[in-house]
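Asks: Let me see the structure of the following:
(2 chains)
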Amino acid sequence: MNGWYFIRLVHALRQVSLSISSQDILDAKTCLVRYPDLPRKQILKSLLVHRPRDIPIFETVWRIVIGNTESSESEYSLDVALKKDIEENRDSQSIGGQGVGRGSGGISLTAIENIPDLSNISNLIPFSRLKELVSNGLEFEDVVKRILTDLDYYTWINSFDLAYQRGALSEDEWYSHQNTRTSILNEIRQQVLMIQVTLDNSWDPLVRQHWMFKPLSSLSEEERDLVRSSIRKWARKLALRPGPRWKSNNKGTIDIARIVQQSVQWDGQCFHLCYRHRSPRAPELVVLCDVSNSMSSFVEFIIYLVTCLRARFRKIRVFFFIDSVWDVTEFVWDDDLSGVKQEIKSWGHKVSSGFSDYGAVFKELAEDKLREVSSRAIVIILGDGKNNYRFAQSEYIAKISEKVRKVFWLNPLEIKEWSEPDNVMKVYQNYCSKVYRCRSASDLQRIVKDVF
Amino acid sequence: MQKSPLDLAHELKNEGYLIGQEAAITLFLALALEKPCLIEGPAGVGKTQLALALARVEKRRLIRLQCYEGLDLSKALYDWNYAKQLLRLQLAKAEDWDKIKFDLFSEDYLLTRPLLEAILSPEPVLLLIDELDKSDEEFESFLLELLAEQQVSIPELGTLTSKTTPIVILTSNNSRDFSDALRRRCIHIYLNYPSLEREISILSSHAPELAEGLIKDVCEFVAKVRKLSLQKLPSVSETIDYARALNALQKEELNYGDLMGTLSVLLKYPKDIAKLEERLKRWETEARQSP
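Replies: Numbers count the residues shown, from 1 in each chain, chains lettered A, B, ... in the order given. All right, here's what the predicted structure looks like:
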């Protein structure tokens, strides 16, 4: 393998947060030289990737660094061939005759009866169109959405969804369709990333797509699993961490009974000091979650965190709210959160107007629920602070803040959005011990360390 | 040592283990570089079986350490034979303490546990550290020296280096993540549930008494079941058990309508069984409608 490309690959992988040691490089070079007949990609993947979750990022980097050198010449011809395809498809009638939002190019998925070969998905997307969208400075997700719209993707998936619902599709066909969907999405994402990296001349776009730094609301199912597994890990570590929950003296109190007991074994001639095991104070957590639509993807993770913590932290109360409060402590502890999501949905429809009203919620809490909460409690509020132009009624959050030990606010919006006209974050911020932006897994990790 | 991944895959097949191409290459490289191999994947995909088959292929004695929460060095590495030490002390009442105090902590009084056994073994062995994710983080840190240098340190005896290089295989069900330090010292294989074709081959070789049609039907059915969102997906060994169970019931092919009551062989949680039973009705209707 060309040494220059090897160095570029290693450098790129390190840039996108893969840990590659000098020993790994030595092993890789040894194997490349010793086994020239084995596929280079497989050798490097085996020796440089240490976590299964890093494989997709390796694939993308490989495609950018090595794939380009092998296919740069074919790119132009691909684009030309694609344009021809587009011309041929332009007049074709899509399913339902909509053909909406085709933009300046792209084959309509609804016009193709079957995606012929999954390995040729890249042929569906015109390179020039991708480049044009990325050059416009749009965000990654926006570019992906535009491309999907160009492809009539949404019409296409809707037609399959409806067909499945009315029983016109068998389950096998449905699963096969789901696989095609995932492949198309992955391919588009990869292509957009490749162009972003090339145009930016930096690996930052790829780093931003790492599951730790992506907004929680835009995670894929696998990434959600990764976040959940990380949360489990953090919760486990927190339970063992000698943090501020521990009593201040280093060794705990002297255990006279054990000293005597042990000393007897030596006929009372010698003894050593024994101390009682230190035990963490049982903290009391009160979690308030805004479950309005805009917040649903974030609530899922915070509830999961609370569920994991509950094994060690016994006193936890959970309230959901939109414009009134709902005590859900009794039924959020199922590992499978689908039940909770369903409850949120039905409760939201039955009891709430659907628009958050923080003032009313804090009033209800302060007047009805606060007396059941001890002064040692920590209140964690998860909400975007969007009050829909209602009164802030900050006196109630002030009352809550006075009663409990600490109030932490976790907000999934960017900090600049906290100052928008319908957002009361700036008002409530003054009554909180600390306010955090909680948008990605890395934010969540920082908060977990800080708060618990 | 095999000459190529293909040779290795062939030898493993002879021992009854069918390995995928990617996994074969990675395992071959781990053996070539004499590095530990960390095999991860869901329960029941054949991680431990791969280690057992490899031991047979390499004609090495298998030393297995089963990990669990609370596993410590006295169970994994060594312990002193206190009873023997006490006897020695009683026999040597008249002897000079300076003479016997060194003798008491010699290898004669050492109880070797799996890790030390692998280090001290005069013939090449395969050390299987099974379900490492179940052990504590302290134990994981202790393993670093063993994995990197193939040596262990015992305070009373000093550092013991392995006489022959053992093949080290670690397995994990991903119930917790490992540190970068451990991962860096290993070559990594991720095993997933086998493809339909491979599972058919596995069943054919492990249960040759079953009819071809039944094997195909069962594998297709299990592949379908694995797409459902269940608490525990069926493992390969459960597929084999299920096929054997249907065979014992004199079934020559699989009909969705006849499966009620047999599903507990395949699935282990009542919630999962209920979910599948519900789904079977839909599959049965689909099967009836399809030509």
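
Asks: And the helices in the stretch 151-291 of chain B?
Replies: Per DSSP state H, counting those that start in this stretch, the stretch 151-291 of chain B carries helices over the ranges B:180-184, B:196-206, B:212-225, B:236-248, B:263-266, B:270-289.

Asks: and the residue positioned nearest the centre of chain B, what element?
Replies: To find the centre residue of chain B, average its C-alpha atoms and take the closest one (C-alpha atoms, centre = their mean): that gives residue B:48, at 2.1 Å. Here residue B:48 is covered by helix B:47-57, with elements defined by DSSP states H and E.

Asks: right, is that helix up against chain A?
Replies: No: looking at helix B:47-57 against chain A by C-beta under 8 Å from any C-beta of the partner chain, there are no contacts, and the closest approach is 13.2 Å. Any C-beta I mention is one placed from the backbone N, CA and C, and that applies to glycine too.

Asks: Quick check: residues of the stretch 101-250 of chain B near chain A?
Replies: Within the stretch 101-250 of chain B, the positions lying close to chain A (C-beta under 8 Å from any C-beta) are B:174, B:176-177, B:180, B:183-184, B:186-188, B:190, B:224, B:227, B:231.

Asks: Low-confidence regions, the stretch 101-250 of chain B specifically.
Replies: Counting by pLDDT under 70, the low-confidence segments of the stretch 101-250 of chain B come to B:101-102.

Asks: The same query, at a cut-off of 90, please.
Replies: Low-confidence regions of the stretch 101-250 of chain B, defined here as pLDDT under 90, cover residues B:101-112, B:120, B:136-142, B:145-160, B:162-165, B:173-181, B:205-212, B:227-232, B:249-250.

Asks: residue ranges for the strands of it, please.
Replies: For the stretch 101-250 of chain B, the strands identified by DSSP state E, counting those that start in this stretch occupy B:110-112, B:125-130, B:151-154, B:158-161, B:167-172, B:187-190, in order along the chain.

Asks: now these as TSV including mean neighbour count?
Replies: Conversion of those to TSV gives the following (neighbours: other C-beta atoms under 10 Å in any protein chain shown):
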stretch	mean neighbour count
strand B:110-112	16
strand B:125-130	24
strand B:151-154	16
strand B:158-161	11
strand B:167-172	25
strand B:187-190	23
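
Asks: Touching, residue A:175 and residue B:227? I think so.
Replies: Yes: contact between residue A:175 and residue B:227 holds when scored by C-beta atoms under 8 Å: they sit 5.5 Å apart.

Asks: just to revisit the earlier point, need the buried ones from the residues of the stretch 101-250 of chain B next to chain A selected in ChimeraX.
Replies: To isolate the buried subset of those in ChimeraX, counting by 16 or more other C-beta atoms under 10 Å in any protein chain shown, use the following:
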select /B:176,177,183,184,186,187,188,190,224
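
Asks: need the residues of the stretch 101-250 of chain B next to chain A in JSON lines with distance to residue A:325, can you?
Replies: Putting these into JSON lines (distance: C-beta to C-beta, whole Å) gives the following:
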{"residue": "B:174", "distance to residue A:325": "38"}
{"residue": "B:176", "distance to residue A:325": "36"}
{"residue": "B:177", "distance to residue A:325": "37"}
{"residue": "B:180", "distance to residue A:325": "43"}
{"residue": "B:183", "distance to residue A:325": "45"}
{"residue": "B:184", "distance to residue A:325": "49"}
{"residue": "B:186", "distance to residue A:325": "50"}
{"residue": "B:187", "distance to residue A:325": "53"}
{"residue": "B:188", "distance to residue A:325": "48"}
{"residue": "B:190", "distance to residue A:325": "45"}
{"residue": "B:224", "distance to residue A:325": "44"}
{"residue": "B:227", "distance to residue A:325": "39"}
{"residue": "B:231", "distance to residue A:325": "32"}
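
Asks: Among the residues of the stretch 101-250 of chain B next to chain A, which pair sits farthest apart?
Replies: In those, the most distant members under the criterion C-beta to C-beta are B:184 and B:224, with 39.0 Å between them.

Asks: wait, does the helix or strand containing residue B:30 contact chain A?
Replies: With the criterion set as DSSP H and E, the secondary-structure element containing residue B:30 is helix B:21-33. Yes: Helix B:21-33 lies within reach of chain A by C-beta under 8 Å from any C-beta, at B:22, B:25, B:26, B:29, B:30, B:32, B:33.

Asks: Could you list every helix and strand that that helix packs against?
Replies: In terms of contact count using 3 or more C-beta pairs under 8 Å, 6 or more residues apart in numbering or on different chains; DSSP states H and E, helix B:21-33 is assigned the packing partners helix A:22-34, helix A:40-48, helix B:5-14, strand B:37-40, helix B:47-57, strand B:187-190.

Asks: Tell me which of the strands of the stretch 101-250 of chain B sits nearest to residue A:412.
Replies: The closest approach between residue A:412 and any of these, judged by C-beta to C-beta, belongs to strand B:187-190 at 32.1 Å.

Asks: So what are the sheet partners of that closest one and their directions?
Replies: Sheet neighbours of strand B:187-190, with direction, are listed as strand B:37-40 (parallel) (DSSP bridges).

Asks: Show the average pLDDT along the strand it pairs with.
Replies: Averaging the model's pLDDT scores along strand B:37-40 yields 94.

Asks: Let me know the pLDDT of residue A:349.
Replies: Looking at residue A:349, its pLDDT reads 63.

Asks: next structured bit after the helix or strand of chain A with the lowest mean pLDDT?
Replies: Across the helices and strands of chain A, the lowest-confidence element by mean pLDDT, DSSP states H and E is helix A:68-90, at a mean of 43. The C-terminal neighbour of helix A:68-90 among helices and strands, as given by DSSP H and E, is helix A:127-135.

Asks: CA atoms only for that next one, dumped as PDB, please.
Replies: Once side chains and other backbone atoms are set aside, the C-alpha atoms of helix A:127-135 remain, and they are given as PDB (Å, rounded to 0.1, in the frame of the first residue of the first chain):
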ATOM      1  CA  PHE A 127     -22.800  14.500  -7.600                       C
ATOM      2  CA  SER A 128     -23.200  18.000  -8.900                       C
ATOM      3  CA  ARG A 129     -26.400  18.500  -7.000                       C
ATOM      4  CA  LEU A 130     -24.800  17.300  -3.800                       C
ATOM      5  CA  LYS A 131     -21.900  19.700  -4.300                       C
ATOM      6  CA  GLU A 132     -24.200  22.500  -5.100                       C
ATOM      7  CA  LEU A 133     -26.200  22.000  -1.800                       C
ATOM      8  CA  VAL A 134     -23.200  21.600   0.300                       C
ATOM      9  CA  SER A 135     -21.500  24.700  -1.200                       C
END
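
Asks: Please identify the buried residues of it?
Replies: Residues of helix A:127-135 classed as buried under the neighbour-count rule (16+ other C-beta under 10 Å) are A:127, A:129, A:130, A:131, A:132, A:133, A:134.

Asks: what's the closest non-adjacent residue to the fourth one?
Replies: Distances taken as C-beta to C-beta, 6 or more residues apart in numbering or on different chains place residue A:195 nearest to residue A:131, at 5.7 Å, with adjacent residues excluded.

Asks: Tell me the residues on the stretch 1-150 of chain A that lie near chain B, please.
Replies: Neighbours of chain B within the stretch 1-150 of chain A, by C-beta under 8 Å from any C-beta: A:19, A:21, A:23-24, A:27, A:30-31, A:34-35, A:37-39, A:42-43, A:46-47, A:49-52, A:55.

Asks: which among those residues end up buried?
Replies: Buried residues within those, defined by neighbour count using 16+ other C-beta under 10 Å: A:24, A:27, A:31, A:35, A:38, A:42-43, A:46-47, A:49-52.
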